[in-house]
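**Student:** Based on what follows, work out the 3D shape:
(2 chains)
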Amino acid sequence: MTAAAARGAAAEARPGWRRRLTTVLAILGPGIITANVDNDAGGIATYSIAGAHFGYSLLWVLLPVTLALVVVQEMSARLGAVTGKGLGELIRENYGLRATFYLLMALLVTDIGNTVAEFAGWAAALEIFHVPRVISVPIGAAVVWWLVVKGSYKTVEKVFLFACTIYFTYIVSAFFAKPQWKHVVQQTFEPHIESSAAWLLMIIGIVGTTIAPWMQFYLQSTIVEKRIGPEEYRISRWDVILGCFFAVVVAFFIVVACGATLFPKGIRIQGAEEAALALEPLAGRWAKTLFAVGLANASLFAASILPLATAYSICEGMGFEAGVDKSWREAPQFLSLYTFMIVLGAGIILIPGVPLIPVLFLSQVMNGLLLPFVLIFMCLLVNRAELMGDFVNGRIWNVIAWGTCVVMIGLTLVLVAATVWPNWFQG
Amino acid sequence: MTTRRSAAPATAPGPVHEGFFVSEFLGSGVLDVSRRGVGRITDFVVGTGGKSPFPRVSGLLLRDGFETFVLPWEDVAIFQRRNVRTRLSREDLLHRAPHQDEVFLAQHLLDKQIVDINGVKVVRVNDLKLDVLSGDLVLTAADVGVRGIVRRVFGAGVTPRGGRFSDASMPARLIPWDSMQPLHPKLSRLQTTLPHEKLGRLHPADIADVISQISTRERTAVFQKLDVETAAETLHELTPELQRELIEDLPAPQASEILEQMPADEAADVLGDLPGEQARDLVQLMEKEAAQDVSELLVHDEDTAGGLMGTDFITFPPDLTVGESIARLRPIAREAEVFFYFYVVDEAGRLLGVVSMRDLLAADDAQPLADVMASPVRGVPADVPAGEVADIISKYDLLAVPVTDHEGALIGIVTIDDVVDRLRPHARGRRRRLR
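**Tutor:** Predicted structure coming up:
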């Protein structure tokens, strides 16, 4: 078989390192992108408030949150790689239409909140440049809608991603602020618990913004979309873990920067102006500009992903046609959901007198409240042997994932109690 | 439908029987002969044998506490919404455990994806419609519309048939059994008088569309059931990643059989994307002649004329007459892939000229081809970039360009199809994607 031998040689000549590198590059991305969108307007606001109002005392929370984030994100990616299906689809196929419907409705409400938050971030950023929100918000909404439905989002995504390097300024600024590092390290490793409704809200907000429910849907969908299978998953998993660490490192330094600059002066964050002060040690009088550019970028980046991922997940779960390349006739539910979210999200910000920063923060608390429910489904699914085969959760993973569910449900119940009987928590 | 036959249960009263939906019965209680509850319906068991065109429900799966058992359809006395009774007693039933490999409607079909053969779309099953046909309860259609969703989520009461919710406001989208293709591998065991494999009725390009929309496991299962010829044509329509995935998932003998069926250039495209060792093994399993053709093509870089070209072309010697050549063409007309240009070559295979089908028909039968052919013909070398080949085809309005080796011998042809496929690969637009 000389012919076969010749062809064998040719086949070896064809792929080689170049293709292997392309494979790696093609797989990289979902984790990193998800992590960066994770530090969206709501994230920046929540971490800033955490640092400004509580100093370094909440830093320790970031350690367990990192652990939970890595575990949860890894589970999403694994579910996608092994089953080749999105999270909405999997829940539908295994737990029926009714459960799927109510979960997705909750996701819709929460994500409308998140979309509102993104436009709040955008409005707040542009108010620093003296652009009133009646002008900035409609323009932002139109740009996002057009970019995703008609434009070449993929190219713009790279710009967004590159602009995310602005987050590094927080790291530098944190150092310039000369915090007492001994104090910082100590607070990072020393759990500290308060019993006030404000503290509880803060904790739920931090978890909710870091491990947002929509991220699990989004990450799993991109893994499926990129056709990452069980083999490529070994590489993909590092992308996911790396992304998680990046997200948390940024969060950590936002808290430190705010804790070093705002907390000692007792400044409460009411608007973007105060939050921008955290960058002053680095940027001086340019702090506001720097902060505004970073926030505007984060807001638009997330605003172009969040409503899209939500509409997609809902349609996938309910069995409606989805995809931005489809026409209104082909995918009416998908396109109207997507448009509805953007219009409503932007519309709420235009109501006169809506306070931007509290809106940002509360949307993240909503994330925290929904998270355990999404997580319960993920834990159940990822442990089904008929679905996952050898890729079911290990014991440590299960302990962390279920532990996160239990803690979040516990915190939610305590928060409800604290809201209903506020006197209990005054002590 | 109120006739009470010896073994058939009484069904819904009323002049017009409109059928049932699975969701209306899931969870409803069943009473035994002395009106004691025996359990709740959790699923419908489907019989695998059957002489009816539709899958027949052979029993109801009941659950009582932790106990699960099957109530055979023959022992159902009354089957109405919120009123299901058996003629047996509770004690008779408890030992009838379901088989491991039985097919269940709710577990294997409800909420899963099916292919709507008429609409060429992958859709999700919101509900299943059952009808009574000569005493048998059979599956007749899948509800994939919004009405099915509402019924499932809010209960049957919200959409009373002919009630407040009119058909116009909430259209029921029913896909009849004979034009739906279930994807769950277990469903393929259902035998009805209608053939199970309905996907094969579609055009290969449409099958490729469908296949690129479903998840990995189901994709392989569906693809495996296509006949070799359809599989070969479908494979060609898929994206390179999907081609690779499918071929890697198939057992090697089956994969090589499909590759053998493909034109050599298309097979080479698929093989070129596989890991070297695997491609070599597959070629070795192929029939000798096909293997040789493919191997020759594989030495070329895929973005050159050699990588694009096919080896299925027809050559004649220059002294053959027009009449003789038409006589030779007739028997192979049905099989040949490319049938608009014929090439005239000398004994060494060197390209002398080209004759089109039109030239042949227009010419006198006695004329030798040498007089009819267009000559000289410029063949492109195998290492010419694909883009340049496309330019030549476009500039001279050709249907195909011959490819020659360094001695001028004809080694293949690039057709306009090959070029179009390269420029605009199919099945791209419909892959599952966020954007």
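**Student:** Give the burial count for residue A:198, as a bare number.
**Tutor:** Counted with other CB atoms under 10 Å in any protein chain shown, residues neighbouring residue A:198 total 12. Any C-beta I mention is one placed from the backbone N, CA and C, and that applies to glycine too.
**Student:** Roughly how far does it sit from chain B?
**Tutor:** Counting by CB to the nearest CB, to the nearest Å, the separation of residue A:198 from chain B is 38 Å.
**Student:** so how far is stretch A:284-297 off the chain centroid?
**Tutor:** 21 Å (CA atoms, centre = their mean, to the nearest Å).
**Student:** neighbouring contacts of that stretch?
**Tutor:** With CB atoms under 8 Å, 6 or more residues apart in numbering or on different chains as the test, stretch A:284-297 has contacts from A:41, A:44, A:121-122, A:124-126, A:128-129, A:160, A:163-164, A:166-167, A:169, A:272-273, A:275-280, A:282-283.
**Student:** In helices, which of the residues you listed appear?
**Tutor:** Judged by DSSP state H, helices contain the following of the contacts of stretch A:284-297: A:41, A:44, A:121-122, A:124-126, A:128, A:160, A:163, A:169, A:272-273, A:275-276, A:280, A:282-283.
**Student:** Can you select the buried ones from those residues in ChimeraX?
**Tutor:** Buried residues within the ones in helices among the contacts of stretch A:284-297, by 16 or more other CB atoms under 10 Å in any protein chain shown, are selected in ChimeraX with:
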select /A:41,44,121,122,124,125,126,128,160,163,169,272,275,276,280,282,283
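**Student:** what about whatever residue of chain B ends up closest to chain A, how many residues close to it?
**Tutor:** Proximity of chain B to chain A (CB to the nearest CB) peaks at residue B:124, 2.9 Å away. Using other CB under 10 Å, the number of residues around residue B:124 comes to 22.
**Student:** which residues does it bridge with?
**Tutor:** residue B:113 (DSSP bridges).
**Student:** Now for chain A, the helix or strand with the poorest mean pLDDT.
**Tutor:** Across the helices and strands of chain A, mean confidence by mean pLDDT, DSSP states H and E is lowest for helix A:2-13: a mean of 37.
**Student:** Now for residue A:209, how many residues are close by?
**Tutor:** 31.
**Student:** Name the residues of the stretch 201-350 of chain A found near chain B, please.
**Tutor:** A:221-222, A:224-225, A:227, A:229, A:308-309, A:312, A:318-319, A:321, A:323-325 (CB under 8 Å from any CB of the partner chain).
**Student:** re earlier: give the contact list for the residue of chain B closest to chain A.
**Tutor:** Residue B:124 is in contact with A:92, A:318, A:319, B:111, B:112, B:113, B:114, B:144, counting by CB under 8 Å, 6+ apart.
**Student:** Mind checking if stretch B:63-80 is in reach of chain A?
**Tutor:** No. Stretch B:63-80 stays clear of chain A (CB under 8 Å from any CB), getting no nearer than 15.0 Å.
**Student:** gap between the two ends of that stretch?
**Tutor:** The first residue of stretch B:63-80 is 19 Å away from its last residue (CA to CA, to the nearest Å).
**Student:** now swap in stretch A:274-291 and tell me
**Tutor:** End-to-end span of stretch A:274-291 (CA to CA): 10 Å.
**Student:** And stretch B:132-140, by the same measure?
**Tutor:** End-to-end span of stretch B:132-140 (CA to CA): 9 Å.
**Student:** With stretch B:123-139 instead?
**Tutor:** Stretch B:123-139 has an end-to-end distance of 17 Å (CA to CA).
**Student:** what ranges do the helices span in the stretch 251-400 of chain B?
**Tutor:** In the stretch 251-400 of chain B, the helices defined using DSSP state H, counting those that start in this stretch lie at B:252-261, B:264-272, B:276-285, B:288-298, B:305-308, B:322-332, B:357-362, B:369-372, B:386-395.
**Student:** could you point out which element follows the last one?
**Tutor:** Translated: helix B:386-395. Beyond helix B:386-395 on the C-terminal side, the first helix or strand identified by DSSP states H and E is strand B:400-404.
**Student:** That next one vs helix B:386-395, what angle?
**Tutor:** Angle of strand B:400-404 versus helix B:386-395, following axes from the mean of the first three to the mean of the last three CA atoms, to 10 degrees, is 130 degrees.
**Student:** which ones are touching the nearest residue to residue B:82 once chain neighbours are set aside?
**Tutor:** Excluding the flanking residues, the one nearest residue B:82 by CB to CB, 6 or more residues apart in numbering or on different chains is residue B:28, at 6.1 Å. Contact analysis of residue B:28 by CB under 8 Å, 6+ apart lists B:40, B:41, B:81, B:82, B:84.
**Student:** Retrieve the pLDDT associated with residue A:20.
**Tutor:** pLDDT, residue A:20: 58.
**Student:** swap that for residue A:217, sorry
**Tutor:** Taking residue A:217 on its own, its pLDDT is 92.
**Student:** next one: residue A:241
**Tutor:** Looking at residue A:241, its pLDDT reads 90.
**Student:** What's the nearest residue in the stretch 301-427 of chain A when you look at chain B?
**Tutor:** For the stretch 301-427 of chain A, the residue closest to chain B is residue A:319, as judged by CB to the nearest CB, at 2.9 Å.
**Student:** Give me the neighbour count for that residue.
**Tutor:** By the criterion of other CB under 10 Å, residue A:319 has 26 neighbours.
**Student:** My understanding was that it contacts residue B:127; is that so?
**Tutor:** No. The pair residue A:319 / residue B:127 is not scored as a contact, 11.2 Å apart, by CB atoms under 8 Å.
**Student:** Residue B:326 touches residue B:360, doesn't it?
**Tutor:** Yes. At 5.9 Å, residue B:326 counts as touching residue B:360 under the criterion of CB under 8 Å.
**Student:** And these two? Which one has more around it.
**Tutor:** More crowded of residue B:326 and residue B:360, by other CB under 10 Å: residue B:360, with 20 against 15.
**Student:** Can you add pLDDT and give the contacts of residue B:124 back as a markdown table?
**Tutor:** Converted to a markdown table, those look like this (pLDDT from 0 to 100):
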| residue | pLDDT |
| --- | --- |
| A:92 | 93 |
| A:318 | 91 |
| A:319 | 87 |
| B:111 | 91 |
| B:112 | 89 |
| B:113 | 87 |
| B:114 | 87 |
| B:144 | 88 |
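**Student:** from those residues, which single one is nearest residue B:198?
**Tutor:** residue B:114 (10.1 Å; CB to CB).
**Student:** list the contacts for the closest one?
**Tutor:** In this structure, residue B:114 makes contact with B:122, B:123, B:124, B:125, B:142, B:144, B:175, B:180, B:181, B:182, B:183, judged by CB under 8 Å, 6+ apart.
**Student:** Residue B:33 now?
**Tutor:** Here residue B:33 is in contact with B:77, B:85, B:86, B:87, B:88, B:89 (CB under 8 Å, 6+ apart).
**Student:** Just the buried ones from the residues you listed?
**Tutor:** Buried members of the contacts of residue B:33, scored by 16+ other CB under 10 Å, are B:77, B:85, B:86, B:88.
**Student:** Out of those residues, flag the one nearest to residue B:395.
**Tutor:** Closest to residue B:395 out of the buried ones among the contacts of residue B:33 is residue B:86 (78.6 Å), distances taken as CB to CB.
**Student:** Now residue B:88, what are its backbone angles?
**Tutor:** phi -90, psi 180 (degrees, to the nearest 10).
**Student:** so how far is residue B:85 from the closest residue to it other than its chain neighbours?
**Tutor:** Nearest non-adjacent residue to residue B:88, counting by CB to CB, 6+ apart: residue B:75, 5.0 Å away. From residue B:75 over to residue B:85 the distance is 10 Å, taken as CB to CB, to the nearest Å.
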